[in-house]
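Visitor: pasted the sequence and its predicted model underneath.
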Amino acid sequence: MSGHDNPIPMTARRSGPLTGVAEVPGDKSISHRALILGALAVGETRITGLLEGEDVLDTARAMRAFGAEVTRHAPGAWSVHGVGVGGFAEPEAVIDCGNSGTGVRLIIGAMATTPITATFTGDASLSKRPMGRITDPMALFGARAYGRAGGRLPMTIVGAAAPVPVRYATPMPSAQVKSAVLLAGLNAPGQTQVIEREATRDHSERMLRGFGAEISTEDTPEGRLITLTGQPELRPQTVAVPRDPSSAAFPVCAALLVAGSEITVPGVSQNPTRNGLYTTLIEMGADIAYESPREEGGEPVADLRVRFTGALKGVEVPPERAASMIDEYPVLAAVAACATGRTVMRGVKELRVKESDRIDAMARGLEACGVTVEEDEDTLIVHGRGPDGVPGGATCASHLDHRIAMSFLVLGLAAQQPIGVDDGSPIATSFPVFEALMSGLGATISRVDG
């Protein structure tokens, strides 16, 4: 089973100016989808810029288990010889998805309308996360799920022998749920429809269209309606994965907190369903310039130039922005701790069912670092202490959550005293070069011996 058996304590200390070019990894969401859709296409899909973090590598192994030929040719350069829609073979062993909620939920969607049986597991963190949000709509297609109490992993999925198309309104804003339903709809006859009250990241729709699926979106009184025509023959593609805006958030936010910093982050995805953090940072007074805007792999990208400007101001983040920045709230909370005034984050209850309860994890860690916070089920409020105002001096629990670990390490670069995390090993799930990249910019982040 994947996991983090050997914790890696890490510490970040007050740093001098961060400078240079931060070449962050490829987008995790797009990397998962490129492997899965490549496996469902007929022929060879070529992928460049693939994120080689543990989460994505687990998805690559899963696609091999379902019968696709997945090959790594060079760093970030992969090929997938697909088996076609409905062509998945029954895996011989349990599918271990490690720490990846995206991976397991999308893979369940991709196999749920094929008459095969597969068992899924994951690490301690993933095994606590709710899967009913996926298995409920899969049941409408005709699939059956057998898991632990509360709909949790390990779980066995028996794919539908005679799948039917569905019309499904997502009960919460979730790109994972939407994408799982669309992937399941590929092997169902007729039209499968998903209704979103709030738009979520649209990588699946863009990529399905690129692979040749017939898919349309329209705004209706019920919400955003996505219609997919089932049983297409997907065409293999050449996919250039843009750099991940969620990973870029960490060097960007660090540069905004450390005096004298100026960095460039090239080729970052500018998908409008992913830009909520950057909109919020600019509202707080951040100096972020978008240079050389262009399109790569069907996604808008740009180079980010980020300059330290001094005090940022607290803001109220509108709840309707949550879907476009759900993974970035932890690092925003770290930035908010160094801002002047309150930063109010509402509509964030989805954070409680991510890799950890991220509201609780950030609140407890910030309090340990001398920052006042308020929280309820759906809200996190951080009372900023201004530049140089965060005492630090604490070791924070990462809760097997890569984004929690990186957020506190970013905060440690600007705090009065070092800030540690009890375990930085989960960082490898999404950002395996985090330490080297940040050190290359001038950050003082180190592993704690013993």
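Guide: Okay, I see it.

Visitor: now stretch 340-351, how far from the chain's geometric center?
Guide: 19 Å (Cα atoms, centre = their mean, to the nearest Å).

Visitor: likewise for stretch 121-134?
Guide: Worked out by Cα atoms, centre = their mean, stretch 121-134 lies 15 Å from the chain centre.

Visitor: kindly report the same for stretch 312-326.
Guide: That offset, for stretch 312-326, works out to 17 Å (Cα atoms, centre = their mean).

Visitor: mean confidence (pLDDT) on stretch 382-395, please.
Guide: Stretch 382-395 carries an average pLDDT of 97.

Visitor: how far does it stretch from start to finish?
Guide: This stretch, stretch 382-395, spans 19 Å end to end (Cα to Cα, to the nearest Å).

Visitor: got the contact list for it?
Guide: By Cβ atoms under 8 Å, 6 or more residues apart in numbering, the residues outside stretch 382-395 that reach it are 9, 257, 259, 310-312, 314, 333, 336-343, 345, 365-366, 368-374, 411-412, 414-422. C-betas here are computed from N, CA, C, even on glycine.

Visitor: do stretch 61-80 as well
Guide: Contacts for stretch 61-80 (Cβ under 8 Å, 6+ apart): 26, 34-36, 38-39, 41, 44-52, 60, 81-83, 87-89, 91-93, 95-97, 103, 107, 111, 118, 236, 241.

Visitor: circling back to that earlier point, in helices, which of the contacts of stretch 382-395 appear?
Guide: Using DSSP state H, the members of those that fall within helices are 257, 333, 336, 337, 365, 366, 368, 411, 412.

Visitor: buried subset of the contacts of stretch 382-395 as a ChimeraX selection?
Guide: To isolate the buried ones among the contacts of stretch 382-395 in ChimeraX, judged by 16 or more other Cβ atoms under 10 Å, type:
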select :9,257,312,314,333,336,337,338,339,340,341,342,343,345,365,366,368,369,370,371,373,411,412,414,415,418,419,420,421,422
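
Visitor: among the contacts of stretch 382-395, which are in strands?
Guide: Filtering these for membership in strands, criterion DSSP state E, returns 340, 341, 342, 343, 345, 372, 373, 374, 419, 420, 421.

Visitor: just put those residues in CSV and tack on pLDDT and distance to residue 184.
Guide: Supplementary listing: the ones in strands among the contacts of stretch 382-395 in CSV, determined by pLDDT from 0 to 100; distance: Cβ to Cβ, whole Å:
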residue, pLDDT, distance to residue 184
340, 98, 48
341, 98, 46
342, 98, 43
343, 98, 38
345, 97, 32
372, 98, 45
373, 98, 40
374, 97, 40
419, 98, 43
420, 98, 43
421, 98, 37
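
Visitor: now these in JSON lines, with distance to residue 392?
Guide: As requested, the ones in strands among the contacts of stretch 382-395 are exported to JSON lines (distance: Cβ to Cβ, whole Å):
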{"residue": "340", "distance to residue 392": "18"}
{"residue": "341", "distance to residue 392": "20"}
{"residue": "342", "distance to residue 392": "20"}
{"residue": "343", "distance to residue 392": "18"}
{"residue": "345", "distance to residue 392": "22"}
{"residue": "372", "distance to residue 392": "15"}
{"residue": "373", "distance to residue 392": "15"}
{"residue": "374", "distance to residue 392": "20"}
{"residue": "419", "distance to residue 392": "5"}
{"residue": "420", "distance to residue 392": "9"}
{"residue": "421", "distance to residue 392": "12"}
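
Visitor: which one of the residues you listed is nearest residue 169?
Guide: Lowest distance from residue 169 to those (Cβ to Cβ) belongs to residue 345, with 25.7 Å.

Visitor: which residues does the closest one contact?
Guide: By Cβ under 8 Å, 6+ apart, the neighbours of residue 345 are 317, 329, 332, 333, 379, 380, 381, 382.

Visitor: what's the answer for residue 348, then?
Guide: 319, 322, 326, 329, 359, 378, 379, 380.

Visitor: just residue 438 next, same as before
Guide: Each residue near residue 438 by Cβ under 8 Å, 6+ apart is listed here: 250, 251, 254, 409, 445.

Visitor: which of those ranks first by neighbour count?
Guide: residue 254 (32 neighbours; other Cβ atoms under 10 Å).

Visitor: need phi/psi at it.
Guide: phi -60, psi -40 (degrees, to the nearest 10).

Visitor: try residue 360
Guide: Dihedral angles for residue 360 - degrees, to the nearest 10 - are phi -70, psi -40.

Visitor: that one against residue 375, yeah?
Guide: Yes - using Cβ atoms under 8 Å, residue 360 makes contact with residue 375 at a distance of 7.4 Å.

Visitor: great, nothing more from me.
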